[in-house]
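[1] My questions are about this predicted structure, shown below with the sequence.
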Amino acid sequence: MSRNCVFVYSEQFLQYKFHDDHPFNQLRVKLTYDLLRTLGALDDRHIVTPRMATDDELALIHDRSYIEAVKAAGRGGLSEAAALNYGLGTEDTPVFPNMHEASALLVGSTLTAVDAVLSGAAEHALNLGGGLHHGFRGKASGFCVYNDSAVAIQYIREKYGLRVLYVDTDAHHGDGVQWAFYDDPNVCTFSIHETGRYLFPGTGNVNERGHGAGYGYSFNIPLDAFTEDESWLYAYTTALREIADFFRPDVIVTQNGVDAHYYDPLTHLSVTMKTYRIIPKLAHQIAHEYCNGRWIAVGGGGYDIWRVVPRAWALLWLEMTGQADVSGPLPDDWRQRWQPLSPVTLPLEWDDPDNLYPPIPRKAEISEKNAQTVEKALYFIRSQRRAGT
Ligand SMILES: [Zn+2]
């Protein structure tokens, strides 16, 4: 189905690094790259080296004063107090050397993916270095300096004039992207995440539906803590089908944070690799049904970099490229190469065992609550459809 796909990759992604003990670790992209290479699923013909985003491109979303502050901070030339005004130097988003260059590369990588697809050179493109959905116009937040997806979407609007559906399956609300396009009816954002009651960034309520001309083009499904595959997938498939049918996008941008997994140390959802097989499958279908195949995918959160991220992101690439489903054991070479560096035992297989965790007692209650949330999130679409018939 998918003849030519682009995998945007550079070892330079590793330069986006806060410090050794920080949970955000781009080594996960390299682990995924190496897994796919070992599998023989990623060739030189797929790989495209990214460029840095220019200041003008960053300014499609970000304030010039913020870009200058990031540059100064990365050179050690910004006082602590001044940095904090821009969300820099917090526990979540500490200052690190050359942070502007490292951050602008991740944005440029997503723009590289966009141009590959929208120029017609590739059908789909993947930038696992991107997905930094918490970056704001004038402020860093939640491990994110520049918001590559928001910049890329505005770039698509201005350069190609296409209507964009943004789908964010990270366990955290895709707040930065949502707020950037909150009043824009040409950009529809859909975020499915753990409820903000106990989790950063606290937003993503089902009632956040957009503003002004953009009202009705922002969708949120906040799920209860401990949500499992079945309920997560019900919410995702139901909502994405109806939203795509309602909005009829020209291009789809998906953010593929994989921190809703049971193993993830920062969140409280309980999905397994089952969910990470289905997410890209449906996104892929939607891309072909509505967008003539135009699909740009980026990475995102994912803090169990050894057991979760490489498998989940490899499955995303395999789906994108239409390669045969893999199951059974992971390549031995890959496990042997990385096990000595990993603090946990690497998984033996592509799929998680059925007994990954003990049964969750409140399962029925959680699923029922989530079904009601889906109902509320789609109420606007469903009531319009009823009015139209
Ligand atoms: Zn996240």
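    That came through fine.
[2] Distance check, whatever residue of the chain ends up closest to the ion against H261.
    Nearest residue of the chain to the ion: G301, at 2.5 Å (C-beta to the ion). Where you see a C-beta, it was placed from the backbone N, CA and C, and this is true even at glycine. Here the distance between G301 and H261 works out to 10 Å (C-beta to C-beta, to the nearest Å).
[3] List the residues that contact L14.
    Applying C-beta atoms under 8 Å, 6 or more residues apart in numbering to L14 gives the contacts Q26, L27, V29, K30.
[4] Now the buried members of those residues.
    Among these, those scoring as buried are Q26, L27, V29, K30 (criterion: 16 or more other C-beta atoms under 10 Å).
[5] returning to that earlier point: burial measure for the residue of the chain closest to the ion, as a count.
    28 (other C-beta atoms under 10 Å).
[6] Could you do S79 as well?
    Counted with other C-beta under 10 Å, residues neighbouring S79 total 11.
[7] For it, grab phi and psi.
    phi -70, psi 160 (degrees, to the nearest 10).
[8] element containing Y182, please.
    Here Y182 sits in a region with no helix or strand, counting by DSSP states H and E.
[9] What pLDDT is listed against it?
    pLDDT recorded at Y182 is 98.
[10] And for it, nearest residue in space, chain neighbours not counted?
    H211 (5.0 Å; C-beta to C-beta, 6 or more residues apart in numbering).
[11] Can you give me the distance of the one you found to W338?
    On the measure of C-beta to C-beta, H211 and W338 end up 46 Å apart.
[12] ok, these two, which is more surrounded?
    W338 (17 against 13).
[13] quick one: contacts for that one?
    Per C-beta under 8 Å, 6+ apart, neighbours of W338: L31, D34, W306, L346.
[14] 6 Å instead, please
    Neighbouring residues of W338 by C-beta atoms under 6 Å, 6 or more residues apart in numbering: there are none.
[15] Likewise for F380?
    Applying C-beta under 6 Å, 6+ apart, the residues near F380 are G216.
[16] ranges for the strands of the stretch 201-350 of the chain?
    Assignment of strands within the stretch 201-350 of the chain using DSSP state E, counting those that start in this stretch yields the ranges 218-223, 251-255, 295-298.
[17] elements contacting the second one?
    Other helices and strands packing on strand 251-255, by 3 or more C-beta pairs under 6 Å, 6 or more residues apart in numbering; DSSP states H and E, are strand 164-168, helix 273-290, strand 295-298.
[18] what is the mean pLDDT for the longest helix anywhere in the chain?
    Determined from DSSP state H, the single longest helix within the chain is helix 363-388. On average, the pLDDT along helix 363-388 is 93.
[19] E242 and L378 touch, don't they?
    Yes: because the distance of 5.4 Å satisfies C-beta atoms under 6 Å, E242 is recorded as touching L378.
[20] Surely S103 forms part of a helix?
    Yes: looking at S103 with DSSP: H, G, I helix; E, B strand; the rest coil, it is inside a helix.
[21] What does the pLDDT read for it?
    98.
[22] Name the nearest residue to it, ignoring sequence neighbours.
    Here the residue nearest S103, using C-beta to C-beta, 6+ apart, is V145, at 3.9 Å.
[23] Mean pLDDT for the helices and strands packed on strand 251-255 - can I get that in TSV?
    Below are the helices and strands packed on strand 251-255 laid out as TSV (pLDDT from 0 to 100):
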stretch	mean pLDDT
strand 164-168	99
helix 273-290	98
strand 295-298	98
